[in-house]
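Enquirer: Starting from these lines, generate the structure:
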Amino acid sequence: MKHHSHILVAVALSSITTLSFAATSVKATVNGMVCAFCAQGIEKRLSKMPATQAVYVDLKQKIVAVEAKAGQTLDGKAITAEITDAGYDVTKLETVEKSVADIKAEVKAQK
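Expert: Here you go, the predicted structure:
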C-alpha cells in the first residue's frame, strides 16, 4: 500500500508544479489600431502596469495580449481603461491560461 501512496503524492506534486508554471494572460480584441505607432503606444502603456510581464500586439488580427508576472493578477478593467484612454475600442476581453509567446504562436499559425 505504501507504493500506491507514493504514486499519488508524485501525481499530486506534478499537478501542482504544472499549475504554477501556467501563465495567465488577458487577451483583448481592439478596434482602431492601424499602424506600428498604434501598436507601440499600446504596448508601452500596458508594459508600465505593475503586474505586466509581457505585451503582444497584432494589428491584422486586432489582438492585444498582456501576460501577468508570476504571482500577479492582471486587472481587465485597468487594461481596458489604458487601451480606451489611448483612443481605441476594446470589443472583447478574456482571461486565458496561456503565455504571450503561446498567443503569438497561435496568431502566426492562423496567418
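Enquirer: Going by C-alpha atoms from here, please, whenever you check contacts or count neighbours.
Expert: Noted.
Enquirer: Nearest residue to the residue nearest the centre of the chain in space, ignoring adjacent ones along the chain?
Expert: The chain has S25 as the residue nearest its centroid, 2.1 Å off, counting by Cα atoms, centre = their mean. Nearest-residue entry for S25: E67, 4.1 Å, with adjacent residues in sequence omitted and distances by Cα to Cα, 6 or more residues apart in numbering.
Enquirer: and the one you found, how many neighbours does it have?
Expert: E67 has 29 neighbours, counted by other Cα atoms under 10 Å.
Enquirer: what does S47 give?
Expert: 17.
Enquirer: do you know how far it is from E67?
Expert: 10 Å (Cα to Cα, to the nearest Å).
Enquirer: Can you name the next helix or strand after the worst-scoring helix or strand of the chain on mean pLDDT?
Expert: Taking mean pLDDT, DSSP states H and E as the measure, helix 2-21 is the helix or strand of the chain with the lowest mean score, a mean of 42. Downstream of helix 2-21, the next assigned helix or strand under DSSP states H and E is strand 25-31.
Enquirer: Just checking: what are the partner strands of that following strand?
Expert: Note on strand 25-31: by DSSP bridges, its sheet partners are strand 63-68 (antiparallel), strand 89-96 (antiparallel).
Enquirer: Please identify the deepest-packed of these.
Expert: Among the strands paired with strand 25-31, ranked by average contacts under mean count of other Cα atoms under 10 Å, first place goes to strand 63-68 (a mean of 26).
Enquirer: Report the mean per-residue pLDDT for it.
Expert: Taken as a whole, strand 63-68 has a mean pLDDT of 97.
Enquirer: For that strand, C-alpha coordinates in CSV please.
Expert: The C-alpha trace of strand 63-68 is given here as CSV (Å, rounded to 0.1, in the frame of the first residue of the first chain):
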residue,chain,number,x,y,z
ILE,A,63,-5.3,41.4,-30.8
VAL,A,64,-3.6,42.8,-27.7
ALA,A,65,-2.3,40.2,-25.2
VAL,A,66,-0.9,41.0,-21.8
GLU,A,67,0.8,38.4,-19.7
ALA,A,68,0.9,38.6,-15.9
